[in-house]
Structure formats: C-alpha cells, structure tokens
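Enquirer: Just to be clear, the model below is a prediction. Sequence and coordinates:
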Amino acid sequence: MKPYRFCPDCATELALITLAEDGGDKTRLRCPACGFTHWNNPTPVLAAVIECTDRDGRVLLARNAAWPDRFFGLITGFMEAGETPEDGIRREIAEETSLTVDRLSLLGVWDFQRMNQLIIAYHAAARGEIRLSPELVEYKLIAPEAVRCWPQGTGQALATWLRSKGIEPQWLDLPDMKRE
C-alpha cells in the first residue's frame, strides 16, 4: 500500500512527527499545518475455508484473476461499512462463488503485516452450484487430506481448520515465505 504523502484535509505535505500518545512518544505521518494524523491502521480482511457439504466435504480453493501465478487460495474480501464480519464473509462467498452458507464458525484472527491487514477467518459449510465471479478465473475442489497450506496469511487459517478435523497440515514449499 502506498503511504499518504499529502494531508487529505488541507493538502499540506505530511511529515514524520513525533508526539506523545497513550503509551509514550510515537512517530507517525502527520500534517504540520492542521494536525491530521495518518494512523495507518491494518485493514480488516475476511477469509473463508469453504467446505462443500454437497461435494463430499471437499475444500474449495480459487485463483484470483489478478494473481500472476497459478496459486489457489481461500475466498477473501474486504469488510464493508455497516456489516458484521459474519455478514461480510457470507456476502463475499455468495458474490464470488454463488454458494449458500449453511454454517459459519470463526477459525481465528491473524495479522498479515506484509499487507498491513488483519485477517478474520471462518470455516463455512456451503452448498450449491459454483459460479465464479469475474474476480476469480478458476477453482479446485480438494479433499481435506490432500490440501497443502501456504505459510502466510490465510494459509494459517486453513491449517487451523485442518487441525480441528484431526488432519496434520502439509505445507507448500514456497521461496521467501515463512510461517507466521
């Protein structure tokens, strides 16, 4: 994410300014003219491990059209103003796959610092005809025992779900990635 350069209130160039805050001095991008502070808080991202109950419990992984490689991951999306995380992930699943969610349970919350995101991940038991949105170009349905997790971001949610089913996660060997 590109950092702010100018104040959105008065258009003055932002500067790194240290001020006393709760917990002590903190250096942040601030406006020297009007006092605006760019907090740079993480963005909440919703993710779902989708277990297709009408397809022998296979897991749905999809490939985003914007991804350069043939990487398949969880269904994800940004929370919208005015919705709960549960409503948001139900919406994302419906928008991106056309599946109906029957049960939803929280897997956990993970920080994904490389993207300045906070991932809120769910297990979704879902069913129906899979119709991908234009955002996704293809999908795979994989038996839980055959799923391979990736070390960062949503891969940790997938590993957590597998462990809850008594399956020890198998990990992809990806260069320049480590388990967080």
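Expert: Yep, it's here. Residues are numbered from 1 along each chain as shown.
Enquirer: so the spatially closest residue to I89 that is not a sequence neighbour is in which element?
Expert: Excluding its sequence neighbours, the residue lying closest to I89 (Cβ to Cβ, 6 or more residues apart in numbering) is L46, at 4.4 Å. The C-beta positions use only the backbone N, C-alpha and C, and glycine is treated the same way. Under the criterion of DSSP states H and E, L46 resides in strand 43-52.
Enquirer: contact partners of that strand?
Expert: Applying Cβ atoms under 8 Å, 6 or more residues apart in numbering, the contact partners of strand 43-52 are 57-60, 74-79, 85, 88-89, 92-93, 97, 99, 107, 112, 115-127, 130, 141, 144, 154, 157-158, 161.
Enquirer: can you do 7 Å?
Expert: Contacting residues not belonging to strand 43-52 are listed as 57-60, 74-79, 85, 88-89, 92-93, 99, 107, 116-127, 141, 154, 157-158, 161 [Cβ atoms under 7 Å, 6 or more residues apart in numbering].
Enquirer: again, but for stretch 84-100
Expert: Stretch 84-100 is contacted from outside by 46, 48, 50, 60, 75, 77, 79-80, 83, 101, 104, 120, 122, 124, 126-133, 135-136, using Cβ under 7 Å, 6+ apart.
Enquirer: Report the buried residues of that stretch.
Expert: Within stretch 84-100, the residues scored as buried using 16 or more other Cβ atoms under 10 Å are P85, E86, G88, I89, R90, R91, E92, I93, E96, T97, L99.
Enquirer: Same question for stretch 50-65.
Expert: I50, E51, C52, T53, R58, V59, L60, L61, A62, R63, N64.
Enquirer: for stretch 130-140, same thing?
Expert: The neighbour-count check on stretch 130-140 (16+ other Cβ under 10 Å) flags I130, L136, Y139 as buried.
Enquirer: what does stretch 62-79 give?
Expert: So, applying 16+ other Cβ under 10 Å, buried residues of stretch 62-79: A62, R63, N64, F72, G73, L74, I75, T76, G77, M79.
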